[in-house]
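Peer 1: output the structure for:
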Amino acid sequence: MSGVDRVPWEGHPHQIAVHAMDLRKKKFEDIFRRERPTAVVHLAFVRHFRSDPMVRHEINVAGTKRLLECCAKYDVKKLVVVSSSYVYGALPENPYYMDEETSLNVSRHYPDIRDLAEVDTLCTTFLWKYPAIATALLRPVNTLGYYVHSAIGRYLKLRYVPTVMGFNPMMQFIHEEDLAEAIARTLETGVRGVFNVVGPGAVPLKVAIRETGGMPVPLPEPLARGTVERLFKVGLYHLPSAALDFVKYPCTIDGRRFHEATAFRPIFNLEDTFSSVRH
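Peer 2: Just a heads-up that it's a prediction; the model follows:
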């Protein structure tokens with residue numbers, strides 16, 4: 001078993017060989033040529049905004065394209081790509097509990113993460129182009145846990161959490177260990193297709209903030225957006241102002257298709273999930 005990441009994994013299990021390299025480098029294909037993996041799980045996305053936007057886009061989109069080419073060339077049997085429910089976008093007209101047929105609208109108001117939608121589209125095309133490979137594209141909800149360094153996790157770890165005045169959208173969360181189990185279940189069953197992956201339920205944003213130990217601070221939208229954008233530009237905040245849409249409008253998804261295909265059910269309840277990041 002092997003893993004590939006751009007940075008070394010200190011303290012990794014001894015039974016896993018970890019290669020520190022960029023997916024875009026020629027040596028990446030050498031791993032496929034030498035080890036001939038039968039199954040691949042793709043989690044290697046740059047999800048933060050500290051790097052140059054062009055570099056982020058190149059790594060995420062071109063890196064994924066290269067990985068897909070290697071999977072096809074070296075006869076990989078199973079491929080799991082972990083995307084995000086964010087690809088649907090947070091819009092005022094969003095229905096509650098969107099299914100997998102809903103359009104990917106994140107680029108309309110949040111172009112900073114258009115690469116996620118592009119990767120999603122690449123993988124969907126690959127799924128139909130190579131029917132012999134059991135390709136599954138997972139779109140999980142907000143993931144929380146000790147080892148996950150997600151944007152929503154950093155947001156909820158603030159002592160005073162800015163919200164948009166007048167808005168309190170429903171939000172969904174899944175524990176990191178449940179997401180790991182969902183990936184394992186996908187590999188075990190060999191299912192093909194696009195799947196939403198959900199946790200134990202949905203709660204209003206302000207409930208999530210309080211349950212993780214924070215205090216919601218409602219701000220008028222112009223003030224919230226202006227402040228976040230200024231802080232982001234000088235490196236004092238981790239997200240651009242467009243991300244505020246996700247704490248303003250709902251982006252809830254329906255996970256029935258994945259449950260029916262794999263019998264997956266989350267083990268951790270919302271209390272367990274929130275306690276994993278409580279401060």
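Peer 1: alpha carbons only for contacts and neighbour counts from here, please
Peer 2: Noted.
Peer 1: per-residue confidence averaged over the top helix by length along the chain?
Peer 2: Longest helix in the chain by number of residues, with DSSP state H as the criterion: helix 114-129. Average pLDDT, helix 114-129: 93.
Peer 1: just the helices in the stretch 151-279 of the chain please.
Peer 2: Secondary structure of the stretch 151-279 of the chain by DSSP state H, counting those that start in this stretch: the helices cover 151-156, 176-189, 205-211, 221-233, 256-262, 270-275.
Peer 1: and the last one, what does it pack against?
Peer 2: Under the contact definition 3 or more Cα pairs under 8 Å, 6 or more residues apart in numbering; DSSP states H and E, helix 270-275 sits against strand 170-175, helix 205-211.
Peer 1: also the fifth one?
Peer 2: Counting contacts by 3+ Cα pairs under 8 Å, 6+ apart, helix 256-262 is packed against helix 176-189, strand 193-197.
Peer 1: which residues sit against that helix?
Peer 2: For helix 256-262, contacts defined as Cα atoms under 8 Å, 6 or more residues apart in numbering pick out 185, 186, 189, 191, 195, 196, 197, 264, 265.
Peer 1: which helices and strands sit right next to the helix or strand where residue 64 lies?
Peer 2: Remark: residue 64 resides in helix 63-73, with elements defined by DSSP states H and E. Here helix 63-73 touches helix 114-129, going by 3+ Cα pairs under 8 Å, 6+ apart.
Peer 1: helix or strand next in line after the helix it packs on, which one?
Peer 2: Counting by DSSP H and E, the next helix or strand C-terminal to helix 114-129 is strand 134-140.
Peer 1: ok, residue 167 - contacts?
Peer 2: Neighbouring residues of residue 167 by Cα under 8 Å, 6+ apart: 247, 248, 249.
Peer 1: the same query, at a cut-off of 7 Å, please.
Peer 2: Applying Cα atoms under 7 Å, 6 or more residues apart in numbering, we find residue 167 in contact with residue 248.
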